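> Here's a sequence, model it:
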Amino acid sequence: MSTETRFDHVRQYLVQNADETKNRLQNTNCLQNSNTIGLGYNPLLGSPVCYSGHCQYDGFKRSIFNLTFAQPTSGSRIPKLISNNVELYCFSSSGLSTTTETINTLEQLSKSTSSSISFGADVQYKMFSAGYN
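Residues are numbered from 1 along each chain as shown. Just a heads-up that it's a prediction; the model follows:
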């Protein structure tokens with residue numbers, strides 16, 4: 001089978017299954033952007049591989065993998081469907097910042113320690129709360 005014949009076979013398959021692919025990509029119950037894992041080259045239009053949202057529009061959306069969307073993973077806070085064999089990690093909305101210091105003297109150590117340690121108390125009663133540091 002020649003290369004040109006193979007491309008014709010792939011083109012024909014993609015045209016026949018275009019509606020199914022379009023429906024799979026427009027599934028509103030799946031987790032947003034989880035369906036883009038299987039998007040790739042479109043031999044019908046000669047579109048290059050592109051993973052940015054800017055170029056993933058009509059003419060490019062041809063699925064390479066057959067994704068099967070299942071129920072969310074246990075413990076997930078997201079009610080949307082995700083594909084099988086895809087791991088979902090939820091991160092809390094809290095922020096974390098780190099810094100480093102070079103300490104050469106005892107005075108620098110004292111300043112660094114006193115500015116880094118804080119004590120406080122929080123009180124909460126029903127919908128009211130107060131705190132002091």
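
> Every contact and neighbour count from this point should use C-alpha atoms.
Fine.

> Let me know the average pLDDT across the longest helix along the chain.
The single longest helix within the chain, with elements called by DSSP state H, is helix 3-16. Averaging pLDDT along helix 3-16 gives 77.

> In that helix, which residues are buried?
By 16 or more other C-alpha atoms under 10 Å, the buried positions in helix 3-16 come out as 11, 14.

> How about stretch 103-118?
Under 16+ other C-alpha under 10 Å, stretch 103-118 has no buried positions.

> Okay, Thr5 and Lys111: tell me how far apart.
For Thr5, the distance to Lys111 equals 75 Å [C-alpha to C-alpha, to the nearest Å].

> Actually, Lys80.
Distance of Lys80 to Lys111, given as C-alpha to C-alpha: 49 Å.

> C-alpha coordinates for the longest helix of the chain, PDB please?
Presented in PDB, the C-alpha positions along helix 3-16 are these (Å, rounded to 0.1, in the frame of the first residue of the first chain):
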ATOM      1  CA  THR A   3       1.800   6.300   1.200                       C
ATOM      2  CA  GLU A   4      -0.800   8.200  -0.900                       C
ATOM      3  CA  THR A   5      -3.300   5.300  -0.600                       C
ATOM      4  CA  ARG A   6      -2.800   5.300   3.200                       C
ATOM      5  CA  PHE A   7      -3.500   9.000   3.400                       C
ATOM      6  CA  ASP A   8      -6.600   8.600   1.200                       C
ATOM      7  CA  HIS A   9      -7.800   5.800   3.600                       C
ATOM      8  CA  VAL A  10      -7.200   8.000   6.600                       C
ATOM      9  CA  ARG A  11      -9.000  11.000   4.900                       C
ATOM     10  CA  GLN A  12     -12.000   8.800   4.100                       C
ATOM     11  CA  TYR A  13     -12.200   7.500   7.700                       C
ATOM     12  CA  LEU A  14     -12.000  11.000   9.200                       C
ATOM     13  CA  VAL A  15     -14.700  12.300   6.900                       C
ATOM     14  CA  GLN A  16     -17.000   9.400   7.700                       C
END
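
> Please give the number of neighbouring residues around Ser83.
Ser83 has 20 neighbouring residues, counting by other C-alpha atoms under 10 Å.

> Mind listing the residues bridging to it?
Taking DSSP bridges, one obtains Phe69 as the residues bridged to Ser83.
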